[in-house]
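S.K.: test case, fold it:
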Amino acid sequence: MRRSTQGLPHPEAVREGPAARSGRLAGVAMMCGSGLANQTGAATGALAFPAIGPAGVVAVRQWVAGLVLLAVGRPRLRAFTWRQWWPVLCLAMVFATMNLTLYTAIDRIGLGLAVTLEFLGPLAVALAASRRPVDLLCALVAGAAVVILTRPEPTTDYAGIAFGLVAAVCWASYILLNRLVGARLPGAEGSAAAAGVSALLYLPIGITVLAHHPPSLRVLGYAAVAGVLSSAVPFLADLLALRRVPARFFGIFMSVNPVLAALVGLVVLGQTLRGIEWLAVSAIVVANAVSILAAGRRPAPSSAGRGSTALPARARRQAPAADSVTPHGPQAGAPPARCDAR
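M.R.: Below you'll find the model as predicted:
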């Protein structure tokens, strides 16, 4: 008598459960490291602002990031197909625009309002990708806490507001494009190629700024450290993290950046936090913890998607395992797939 297996979970889904959980935890660790490196590098790069300004610091950052990531990723540029090149070029434009617009917004409207406006980008990604009430609630709580933590002040500098909104669009594009690049190119090749193109775009800007304001070795050192910590490390860590976590969760987790900035300011610069600010920090931490736990309780996907026809067991065994990359990027725990015929 043949025992029916109808209603039982697919064996592959059971086996992928622990791998998915470990991949998600690795992604969280990478995002924490990325955020901490980013904020530490930003604090270091700010020391060079009086000498070469935001544009000079961003230019040196992009050059250093390009050199580091090209050495690490070693992209085979001639082997890239157009399907791989176009998201890389778009990501390079985002790299080139994101930091400069944010620093310009900070210079015009202040840190609090600029950071709050920029966070609208990942918040929009999180809200657009939310499929359950708990996801929506976590994103809204994190967004409200960021507003409390950054304390934005009203302004009539509409140009500064526009720069902040452009930075928000860039951050949202960075999340989505980084995930797409990670799905279409192996290792760090895509991120390295994008950083290299972005560094080339900053050559005329950086040369002009440094020619008019010759920096000292100390100033160049501050900007170079910022390039490693605030550009190279986050670019690589975010690329690897987005292969392990969904864009929705990544968008919510970006609310940790103001928390890390506050903690770096507390430890490095001696800046203190008020009671309501500690409450906002706690709310962001709780919102992210709930999001992580809720993601871990999601049921494993069935072998047949919605609206598709389930395959017999024999057909499933014979089907090639070519679905390691979904339309939204690689599945958790799956190795990055090559999409070109190299």
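S.K.: which stretches of the stretch 151-300 of the chain form helices?
M.R.: 158-184, 189-201, 203-212, 217-227, 233-241, 247-253, 256-268, 275-296 (DSSP state H, counting those that start in this stretch).
S.K.: TSV for these, including distance to Ala59, mean pLDDT and mean neighbour count?
M.R.: C-betas here are computed from N, CA, C, even on glycine. Converted to TSV, those look like this (distance: least, Cβ to Cβ, whole Å; pLDDT from 0 to 100; neighbours: other Cβ atoms under 10 Å):
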stretch	distance to Ala59	mean pLDDT	mean neighbour count
helix 158-184	17	89	21
helix 189-201	9	93	25
helix 203-212	3	93	14
helix 217-227	8	92	20
helix 233-241	16	86	24
helix 247-253	27	78	26
helix 256-268	23	72	19
helix 275-296	32	73	17
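S.K.: tabulate those helices in CSV, adding columns for distance to Ala43.
M.R.: What follows is these, written out as CSV (distance: least, Cβ to Cβ, whole Å):
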stretch, distance to Ala43
helix 158-184, 18
helix 189-201, 22
helix 203-212, 21
helix 217-227, 9
helix 233-241, 14
helix 247-253, 21
helix 256-268, 6
helix 275-296, 18
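S.K.: so for Arg74, which of these sits nearest?
M.R.: helix 189-201 (7.1 Å; Cβ to Cβ).
S.K.: show me what that closest one is packed up against.
M.R.: helix 49-73, helix 82-109, helix 158-184, helix 233-241 (3 or more Cβ pairs under 8 Å, 6 or more residues apart in numbering; DSSP states H and E).
S.K.: pipe those into a markdown table and attach distance to Ser34 per row.
M.R.: Putting those into a markdown table (distance: least, Cβ to Cβ, whole Å) gives the following:
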| stretch | distance to Ser34 |
| --- | --- |
| helix 49-73 | 13 |
| helix 82-109 | 14 |
| helix 158-184 | 11 |
| helix 233-241 | 4 |
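S.K.: and the ones you listed: which comes nearest Arg24?
M.R.: helix 233-241 (9.7 Å).
S.K.: ok and the closest one relative to helix 158-184, angle-wise?
M.R.: 50 degrees (axes from the mean of the first three to the mean of the last three Cα atoms, to 10 degrees).
S.K.: the closest residue in space to Pro54 that isn't next to it in sequence: what's it in contact with?
M.R.: Nearest non-adjacent residue to Pro54, counting by Cβ to Cβ, 6 or more residues apart in numbering: Tyr103, 3.6 Å away. Counting by Cβ atoms under 8 Å, 6 or more residues apart in numbering, Tyr103 makes contact with 54, 57-58.
S.K.: so Val60 touches Gly227, yeah?
M.R.: Yes: between Val60 and Gly227 there is a contact at 5.9 Å, judged by Cβ atoms under 8 Å.
S.K.: buried stuff in the one helix or strand Val146 maps to?
M.R.: Assessed by DSSP states H and E, Val146 sits inside helix 133-150. Neighbour counts over helix 133-150 (16 or more other Cβ atoms under 10 Å) mark 134-135, 138-143, 145-150 as buried.
S.K.: same check on stretch 49-64?
M.R.: Going by 16+ other Cβ under 10 Å, stretch 49-64 has these buried residues: 49, 51-64.
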